[in-house]
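Chemist: what follows is a predicted structure for the sequence shown.
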Amino acid sequence: MNKELLSYISIIIALAVGAMYYNNAIQSPMIGALNAIKTSYHGSVEFIQKKINKHIFQAATIEELSEKLQNYENNHLVMQQLAAEINELYSENNSSLKLKPQVSLVRAISYQEFGNFNRLWLDMPDYNSSKIYGLTYKEFVAGIVISKNNKPLALLNKDIKSAYSVFIGENNAPGIAHGNNEEFIVVNFIPSWFEINEGDEVVSSGLDNIFFTGLKVGRVKSVSSSQGYQTAVVEQYYKANETNYFHVIRSVR
């Protein structure tokens, strides 16, 4: 193959890759197709793994999971009953407030791009691209879910565009938490009249309608002041160690 033909082919490939990267009309269906393949792959792997586990660890696993399921169902029913009683209380006092939180389990499909471990595509049925969702792992805040090419994209806590409102310490000092693509996260716009100390716990405030109030975020490592506000550096509780499943908060109330 002569050099001119090789150069021509290289230019064509570069233009095609560039068009797919920058053109949403091309990129969006390709992402959807790739994510569908990845979802099918993950489903097949899980099916095979479950079959293996069923034969190898069947008795012990079934007993353990049955106990966990019983506890989960019991707790779920208790929470439903509490929510029903609170709603009745609101109704008796002619209040328009109602509690109907909705949480669902979702699966991580893959990273959005190589080298960036703070962004994950999710397999999320009944996704509404007009909303921002809260993302949790166990009782910890893990990040938020936004729309990218009309697909659910998880921005983990360390991502610079992951932002939500928090309270700090016993006095509930308000602030906005966001990532900085580094090890720790940062809370900005904390009013100067609140006393913030190292070791203070940071929790979600619920005022942004993304998270429930009181979900654990992390602990303050250091505090600085500038232009009438305080900034806290926070060590987060959630550790992104090959997490495959999260819970998404679909509705706070």
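Modeler: Structure received.
Chemist: and residue 39, what element?
Modeler: helix 24-56 (DSSP states H and E).
Chemist: hmm, I typed the wrong one, I wanted residue 177.
Modeler: strand 173-178.
Chemist: that strand pairs with which strands, parallel or anti?
Modeler: In the sheet, strand 173-178 lines up against strand 163-168 (antiparallel), strand 185-191 (antiparallel) (DSSP bridges).
Chemist: redo those as CSV? Include distance to residue 139 and mean pLDDT.
Modeler: To be clear about C-beta, it is placed using only N, CA and C from the backbone, and glycine gets the same treatment. CSV is the format used below for the strands paired with strand 173-178 (distance: least, CB to CB, whole Å; pLDDT from 0 to 100):
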stretch, distance to residue 139, mean pLDDT
strand 163-168, 15, 97
strand 185-191, 17, 96
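Chemist: quick one, which of these is packed in tightest?
Modeler: Scoring the strands paired with strand 173-178 by mean neighbour count under mean count of other CB atoms under 10 Å gives strand 163-168 as the most buried, with a mean of 24.
Chemist: now do that one: everything it contacts.
Modeler: Residues from elsewhere that reach strand 163-168, judged by CB atoms under 8 Å, 6 or more residues apart in numbering: 134, 141, 144, 173-178, 187, 190, 194, 196, 200-208, 210-211, 213, 217, 220, 232.
Chemist: report the buried members of those residues.
Modeler: 134, 141, 144, 173-175, 177-178, 187, 190, 194, 196, 200, 202-206, 208, 210-211, 217, 220, 232 (16 or more other CB atoms under 10 Å).
Chemist: so what's residue 155 closest to, chain neighbours aside?
Modeler: Nearest residue to residue 155, sequence neighbours excluded (CB to CB, 6 or more residues apart in numbering): residue 162, at 4.0 Å.
Chemist: can you check residue 148 too?
Modeler: Nearest in space to residue 148, with sequence neighbours left out and distances taken as CB to CB, 6+ apart, is residue 112 at 7.4 Å.
Chemist: residues near the one you found, how many?
Modeler: 17 (other CB atoms under 10 Å).
Chemist: roughly how far apart are it and residue 143?
Modeler: Separation of residue 112 from residue 143 (CB to CB, to the nearest Å): 13 Å.
Chemist: residue 203 now?
Modeler: Using CB to CB, we find residue 203 at a distance of 15 Å from residue 143.
Chemist: cool, residue 114 as well?
Modeler: With CB to CB as the criterion, residue 114 and residue 143 are 19 Å apart.
Chemist: may I see the strands paired with strand 173-178 organised as JSON lines, with distance to residue 123 added?
Modeler: Shown next, in JSON lines, are the strands paired with strand 173-178 (distance: least, CB to CB, whole Å):
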{"stretch": "strand 163-168", "distance to residue 123": "23"}
{"stretch": "strand 185-191", "distance to residue 123": "26"}
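Chemist: closest one to residue 227 among those strands?
Modeler: With CB to CB as the measure, strand 185-191 is the member of the strands paired with strand 173-178 nearest residue 227 (10.2 Å).
Chemist: contacts only, for residue 215.
Modeler: By CB under 8 Å, 6+ apart, residue 215 lies in contact with 134, 136, 139-141, 203-204.
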